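Visitor: what shape does this take:
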Amino acid sequence: MRALALSLITISSASAGGSPGVLQCQNVRLNAPLAPEEEIAGFQVALDGTDRVVFLADVVLDDEFDALTVPQDGSAPPTLFDINRIPGRFLNAFPQIASATERAVIIGDFETLDVDEIFSVTTATGGGPLTKLNSTLVNEGDIRSFSISPDDNTVVYLADQDVDRREELYRVPINGGEVLKLNGPLQTSRSVERDFEITSNSEYVIFRAEEISFVRDLFSAELESGNRVQLNENADNRGTVSEFQVSPDGTTVVYQANQETDNRFELFRVPVAGGTPIKVNGPEVESDVREYAISPDSSLVVYLISRASGNTFVAELWAAPLAGGTPFHLTSAISINSVRGFEFTPDGSLVVFDAEFDNSREIMTVPISGGTVNRISGSPAQIGFASEFAISPDGQRVAYRALGSDGTTSLRTTTIAGAMDRSLTGTSVVNGGIRDFEITPDSLQLVFTGDFLTDGQQELFAVSLTTSGPVRRINRPLPEGAEVRSSGGDDFQQSLDGQRVVYIADQNTAGVKELFSADIRCDDLFADSFEATDGG
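Guide: The predicted model follows:
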C-alpha cells in the first residue's frame with residue numbers, strides 16, 4: 001500500500017490554513033453569528049429541488065427553537081420559517097416538506113402553550129398561515145410523530161388525541177379536512193407502535209398495535225376508507241410481531257413473529273390488503289431470523305440466520321421467493337464463518353455482504369438467484385480486514401473500510417465485479433479511524449468523517465471514487481478540542497446533486513456548534529458576509 005504522502009496532494013501550510021497533507025476546500029457558514037448561549041440544534045437538507053437547508057436555532061428567544069431556511073450555497077442570509085410565534089412556544093421537530101403540494105408539515109405548540117399539535121403551512125414563501133391538521137386533543141394529549149404519504153396528499157400521525165397516554169393512528173389531508181382514526185378500539189394503557197409505514201402507492205398504512213399486554217399484532221388500514229384488517233395470525237394471543245417490512249411495489253408485507261413457535265421468530269408474508277399469512281423461511285431456521293430485506297423488484301426476501309456448526313455458530317444468507325417456493329442457501333458455495341451486514345445492488349441482481357473467511361473479513365457478492373460467491377475486496381494479506389461498505393447508486397462500484405494490522409485505517413474501492421481494487425485515501429494516522437462514509441448520488445465522490453489526520457479529532461473529507469486524486473478536507477482547520485459532530489442527528493448531509501455537503505462543527509470557536517456548507521469538489525469560492533464579520 002502506498003504511504004499517505006504519496007496518495008495525497010501535499011500543499012503549503014499557508015494555502016492549507018496550517019494543515020499540510022490534504023487539499024483544503026473552501027466553505028461557508030450558513031447561520032448568522034450566534035450570541036452567547038445560542039445554538040444550532042440540528043439541520044435538514046431539503047431534497048425537494050429547492051437547494052435549501054432547514055435548521056433549528058434559538059436565535060429569537062433562548063431555548064425556544066425556530067426553524068430557519070437558507071440556500072445551501074450561503075448566497076443569501078437565513079430567514080425565519082414564517083410561523084406565528086406564541087411567547088414560550090416550542091418547535092418540536094423539523095418541517096417535513098411535501099414538494100408536490102408545496103406544503104410543509106410541522107409539530108409545535110403554536111396555538112396552546114405546551115400542547116404539541118400538527119400543522120401544515122405553505123412553502124411557496126417559506127411559511128405563512130398555519131392549518132391545524134389534528135382534531136381537538138384531550139387534556140395532556142400531544143402529537144408524537146407523523147409521516148407524509150408518497151403522493152404528498154395525506155398525513156398520517158400518531159397521537160394520544162382521544163385518551164391521554166393512549167397513542168393512536170390518524171389520517172388527514174395535508175391541506176386539512178376530515179380526521180379519520182385508523183386503528184380499532186384499544187385499552188387505555190395500550191398503544192399503536194411508532195414504526196408505522198405508508199405503502200409506496202399511498203393506499204395503505206401498515207402498523208403494529210399492542211391490544212394485549214406484551215402482544216403486538218400487525219394491521220393494515222386503507223387511507224381512504226379507514227378499513228382495517230389484521231395481517232398476522234395469533235389465535236391464542238401468545239405470539240407477537242417484532243418488526244415488518246413492506247415490499248417496494250407496495251403489495252406485500254413481510255413480518256417477523258413467533259407465530260408458530262413461542263421461542264423462535266420467523267418470517268411470514270401476507271398481502272397488504274389482508275389474507276392468509278404464509279411462512280417464508282424453511283426448517284433451516286434454528287433460532288430467530290437475525291436480519292432480512294426485500295429485493296428492489298419485490299421478488300424475494302433475503303435473510304440472515306445463525307446455525308449451529310459443531311461447537312460454534314455460523315451466520316448464513318438465505319433467500320426465498322415472495323411468490324412462493326423453496327428457500328435456497330446463498331452462501332453455501334463458500335465456507336463462510338460469519339456473515340455480517342448485507343445489501344442489494346440498485347438493480348437487485350446481486351447481494352453484497354461482508355463475512356469472515358479464512359480468519360479475515362472480506363467483501364463478497366452473490367447473485368440473488370444463488371450461484372458463485374465472488375470475493376471482491378483486496379487481498380487480506382495486503383489490506384488487512386475489510387469491514388463495512390457502501391454501494392454506489394449506479395451499482396458499478398463498492399467502497400469499503402480496511403483496517404490494517406498497524407493500527408491505521410483506509411477507505412478503498414473496487415468494481416462490483418471485484419476488479420481494480422485500490423486505495424482511495426491512503427492510510428490514516430495510527431489509531432485514527434473512519435466514523436462514517438457515503439457515496440454521493442452521482443456516484444462520483446466519497447464523503448467521510450473520522451480522525452483521519454489527527455487522532456481524536458473528527459473532521460470531514462471527500463475524495464473521488466472513480467479517478468485518482470487528492471483527499472480534500474471540507475472543514476477548515478479546527479481549534480483544539482473541536483470536531484465535526486452533531487449533538488443529535490446527522491453530522492453531515494449531502495445535497496440532491498451530490499456536489500455539496502452541509503455539516504455541523506465548532507469550526508470557528510471550540511464548543512460553539514455552527515452550520516457550514518461546502519462544494520466538495522473544492523472549485524467553488526464563497527462570498528460569505530457572515531465570515532467577514534469575524535475574520536473568517
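Visitor: so where's the chain shaky on pLDDT?
Guide: Applying pLDDT under 70 to the chain flags residues 1-21, 61-63, 82-92, 124-128, 187-189, 311, 333-337, 523-536.
Visitor: what do you get if the cut-off is 50, keeping everything else the same?
Guide: Residue ranges of the chain with pLDDT under 50: 1-20, 525-536.
Visitor: for it, what spans make up the helices?
Guide: For the chain, applying DSSP state H gives helices covering 4-7, 380-383, 529-532.
Visitor: pull the distance from the second one to the chain's centre.
Guide: The reference is to helix 380-383. Distance of helix 380-383 from the chain centroid (CA atoms, centre = their mean, to the nearest Å) equals 31 Å.
Visitor: list the buried residues of that helix.
Guide: P380, I383 (16 or more other CB atoms under 10 Å). In short, each C-beta sits where N, CA and C put it, glycine included.
Visitor: just the CA atoms of it, as PDB, please.
Guide: C-alpha atoms of helix 380-383 as PDB (Å, rounded to 0.1, in the frame of the first residue of the first chain):
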ATOM      1  CA  PRO A 380      -6.300  -9.600   3.300                       C
ATOM      2  CA  ALA A 381      -2.500 -10.000   3.400                       C
ATOM      3  CA  GLN A 382      -2.200  -6.600   1.800                       C
ATOM      4  CA  ILE A 383      -5.100  -4.600   3.000                       C
END
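Visitor: and the contacts of that helix?
Guide: M1, D358, S360, R361, E362, S377, A386, A402, G404, S410, R412, D421 (CB atoms under 8 Å, 6 or more residues apart in numbering).
Visitor: okay, and the beta partners of I391?
Guide: Following DSSP bridges, I391 is listed with bridge partners V398.
Visitor: neighbours around it, how many?
Guide: Counted by other CB atoms under 10 Å, the residues lying close to I391 total 21.
Visitor: same thing with E233?
Guide: 16.
Visitor: same thing with A93?
Guide: 18.
Visitor: and it, what does it touch?
Guide: I106, I107.
Visitor: before we move on, what about P367?
Guide: Counting by CB under 8 Å, 6+ apart, P367 has contacts S349, L350, V351.
Visitor: can I get those residues in TSV including neighbour count and distance to F244?
Guide: Below are these laid out as TSV (neighbours: other CB atoms under 10 Å; distance: CB to CB, whole Å):
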residue	neighbour count	distance to F244
S349	16	25
L350	21	25
V351	23	21
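Visitor: for T136, state which of those residues is nearest.
Guide: Set against T136, the nearest of the contacts of P367 by CB to CB is V351 (49.7 Å).
Visitor: returning to that earlier point: in ChimeraX, how would I select just the buried ones from the contacts of helix 380-383?
Guide: Selecting only the buried entries of these in ChimeraX, with 16+ other CB under 10 Å as the criterion:
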select :1,361,362,377,386,402,404,410,412,421
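Visitor: check the contacts of helix 380-383 and tell me the two furthest apart.
Guide: Going by CB to CB, the pair spanning the contacts of helix 380-383 furthest: D358 and S410, at 20.9 Å.
Visitor: D73 touches Q26, doesn't it?
Guide: No: with contact defined as CB atoms under 8 Å, D73 and Q26 do not form a contacting pair (11.1 Å).
Visitor: sorry, back to before: which ones among the contacts of helix 380-383 map onto strands?
Guide: Among those, DSSP state E puts S360, R361, E362, A386, A402, S410, R412 in strands.
Visitor: where exactly do the strands run in the stretch 151-300 of the chain?
Guide: 154-159, 168-173, 180-181, 197-198, 204-212, 215-222, 228-230, 241-246, 252-261, 264-271, 278-279, 289-294, 300-309 (DSSP state E, counting those that start in this stretch).
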